[in-house]
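[1] sequence and predicted model, in that order:
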Amino acid sequence: MSKPVKAAVFGTGSWGTAFGLVLADAGCEVTLWARRAELVDAVNSTRVNPDYLPGVELPENLRATADAAEAARDADFTVLAVPSQTLRANLAEWLPLLAPGTVLVSLMKGIELGTAMRMSEVIEDVTKVGPDRIAVVTGPNLAREVAARMPAAAVVACTDEEVARRLQSACHTSYFRPYTNTDVVGCELGGAVKNVIGLAVGIADGMGLGDNAKGSLITRGLAETTRLGVALGADPLTFSGLAGLGDLVATCSSPLSRNHTFGTNLGKGMTLEETIAVTKQTAEGVKSCESVLDLARRHGVDMPITETVVSIVHQGKPPVVALRELMSRSAKPERR
Ligand SMILES: NC(=O)c1ccc[n+]([C@@H]2O[C@H](COP(=O)([O-])OP(=O)(O)OC[C@H]3O[C@@H](n4cnc5c(N)ncnc54)[C@H](O)[C@@H]3O)[C@@H](O)[C@H]2O)c1
Ligand SMILES: O=P(O)(O)OC[C@H](O)CO
C-alpha cells in the first residue's frame, strides 16, 4: 500500500482550515500550523476550529500544532494560508524547516505592498525554489461553503503541469473539483484583483445602486483585470475561467465574502475605521487595491475601478463623488 500524501497547512484561519479539511477528505494526512496554543488544543480535542469555522467537524486525519518544524516535517505539500502582507516574514522564519523537495502551495489572493509581487513571486524570492515547485489554488471558494462540503470547482496552477496534477489529485473530493492550469500569472491576478472589484461591488450595493451597476462593475472589472494580465503575459482566456469570472461572481454576489461585506459597510456610510473594527478576518483587497494599482502603473495599464476603490478606501473620497467621477470618464469603445 502506498504512503498517504502528507500536507502541512500554515495558517489555521478560515481558508487554511477549510482547505485542510478538503485535503483530509481527499485522503491526505494533514497538519495545520496555528500561532496560538489554545486554538491548537481546541482543534485537537474538540475537532472544531471555534474561531474561524464554528460548527464544522474536522476529520480525524487532520491535526493541529503550534510547532512549525513538526508541521513542516516530511510534507509533500506545504500550503501557505496567511495574510498576503505577512507571508514574506512568515516564510523567512519557516524556510529552514521546509521538507526537501516539498511543493509550496499558495492559497493567498493578494499582491505585496511595496514590491507589487504576486504571492508565488514572494515565495520564489524568499525560498529560491523554482516555479516548477510552486503552485497556486484559486477560484470561487468561499471557505464556509467549502467547509460545509457544498460543491465548488477550483483551479490548481503550476508552470509544471505534472506538479499541478499531483496537487489536483491530493485535493479532489466529491464536493471539491480542481482543474489544472499552467497560467500561474493569470490565476493569481484573477484572485487578487477580484477582491478589489468585490470591494467596488460591495460599495455599490451599500449605496443601493442596483443590479445593473453590479453587472457593469463585474464586467468592466474583468476587463481591467484582463488588461493587466495581458500586460504581464497571462493568457486572456484564464480570466473567463474559474480564477477570473468564476471567483468574481462568487465574491461579488455573496454576503460571505469579507471584501464584498467590507465594501457594503463603506457604501452604507461607515467610516474606514468603523469598517475595519467590525471586520474580523482578512479582507485582502483593502491593502491589495494599492499594490494592484502600483502594479498597473508600473506596466502603464489603466484600471479605473481599482483607482476608484483606492480613492475611497485610502484617500477618504466620498463614494458619491467617486461614482460621479467614474461615470463621467470620457466615452470609449468597449474593447480598448
Ligand atoms: N476565507 C476564504 O473564503 C478564502 C478563500 C480563498 C482564498 N482565501 C485567501 O486565503 C488567504 C488567507 O485568508 P483566510 O480567509 O484564511 O484569512 P483569516 O483571516 O481567516 O485567517 C488568517 C490566518 O493567518 C493568521 N495570521 C494573521 N496574521 C499573521 C501573522 N502576522 N503571522 C502568521 N499568521 C498570521 C491568522 O492567525 C489566521 O490563522 C487570503 O489571502 C485570502 O484572500 C480566503
Ligand atoms: O471572503 P473573501 O472576499 O476573501 O473571498 C473569499 C474567496 O476568495 C472567494 O473565492
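    Ah, there it is. Numbering: from 1, shown residues only. Ligands and ions are numbered 1, 2, ... in the order given.
[2] now do the same end-to-end measure for stretch 156-172.
    11 Å (C-alpha to C-alpha, to the nearest Å).
[3] ok, stretch 103-110 next?
    Terminal residues of stretch 103-110 lie 20 Å apart, using C-alpha to C-alpha.
[4] list the contacts of Asn259.
    Contact analysis of Asn259 by C-beta atoms under 8 Å, 6 or more residues apart in numbering lists 195-196, 198-199, 202, 251, 283-286. Every residue, glycine included, has its C-beta placed from N, CA and C.
[5] next one: it from ligand 1, what distance?
    Asn259 sits 8 Å away from ligand 1, going by C-beta to the nearest ligand atom, to the nearest Å.
[6] host element of the nearest residue to that residue once chain neighbours are set aside?
    Closest residue to Asn259 apart from its sequence neighbours, by C-beta to C-beta, 6 or more residues apart in numbering: Gly198 at 3.7 Å. Using DSSP states H and E, Gly198 maps to helix 184-206.
[7] quick one: buried residues of that helix?
    184-206 (16 or more other C-beta atoms under 10 Å).
[8] packing partners for whatever helix or strand comes next after it?
    Beyond helix 184-206 on the C-terminal side, the first helix or strand identified by DSSP H and E is helix 211-231. With contacts taken as 3 or more C-beta pairs under 8 Å, 6 or more residues apart in numbering; DSSP states H and E, helix 211-231 sits against helix 184-206, helix 247-253, helix 285-298, helix 304-313.
[9] out of those, nearest to Leu266?
    Proximity of these to Leu266 was assessed by C-beta to C-beta; the nearest stretch is helix 184-206, lying at 5.4 Å.
[10] I'd say Lys194 and Thr225 touch.
    Yes. Applying C-beta atoms under 8 Å as the test, Lys194 and Thr225 come out as touching, 7.3 Å apart.
[11] list residues touching both of those two?
    Gly244.
[12] and stretch 95-114, how far apart are its ends?
    22 Å.
[13] quick one: it near ligand 1?
    Yes. Applying C-beta under 6 Å from any ligand atom, one finds stretch 95-114 touching ligand 1 at 107-110.
[14] for Val156, name its beta-bridge partners.
    Here Val156 sits in beta bridges with Val137, Thr180, as judged by DSSP bridges.
[15] measure it to Ala68 for me?
    Separation of Val156 from Ala68 (C-beta to C-beta, to the nearest Å): 24 Å.
[16] more neighbours, these two?
    Higher neighbour count among Val156 and Ala68: Val156, with 25 against 18, using other C-beta atoms under 10 Å.
[17] I figured that one was touching Ala164, is that so?
    Yes. Counting by C-beta under 8 Å, Val156 touches Ala164, with 5.1 Å between them.
[18] find residues that contact each of the two.
    The contact sets of Val156 and Ala164 overlap at 135, 180-181 (C-beta under 8 Å, 6+ apart).
[19] which one of these sits closest to ligand 2?
    Of all the shared contacts of Val156 and Ala164, ligand 2 sits closest to Asn181, with 15.5 Å by C-beta to the nearest ligand atom.
[20] count the residues that sit near that closest one.
    Neighbours of Asn181 under the rule other C-beta under 10 Å: 23.
[21] what pLDDT is listed against it?
    Asn181 carries a pLDDT value of 98.
[22] skipping its backbone neighbours, what lies nearest it in space?
    Nearest non-adjacent residue to Asn181, counting by C-beta to C-beta, 6+ apart: Ala157, 4.4 Å away.
[23] find the nearest non-adjacent residue to the spatially most central residue of the chain, please.
    When C-alpha atoms, centre = their mean is applied to the chain, the residue found nearest the centroid is Lys109 (2.8 Å). Residue nearest to Lys109 in three dimensions, not counting chain neighbours: Gly191, with 3.7 Å by C-beta to C-beta, 6+ apart.
[24] now do the contacts for the residue lying closest to Leu256 once chain neighbours are set aside.
    In space, and not counting its chain neighbours, Leu256 is closest to Leu142: 4.6 Å by C-beta to C-beta, 6+ apart. Contacts for Leu142 (C-beta under 8 Å, 6+ apart) come out as 152, 250-251, 254, 256-257.
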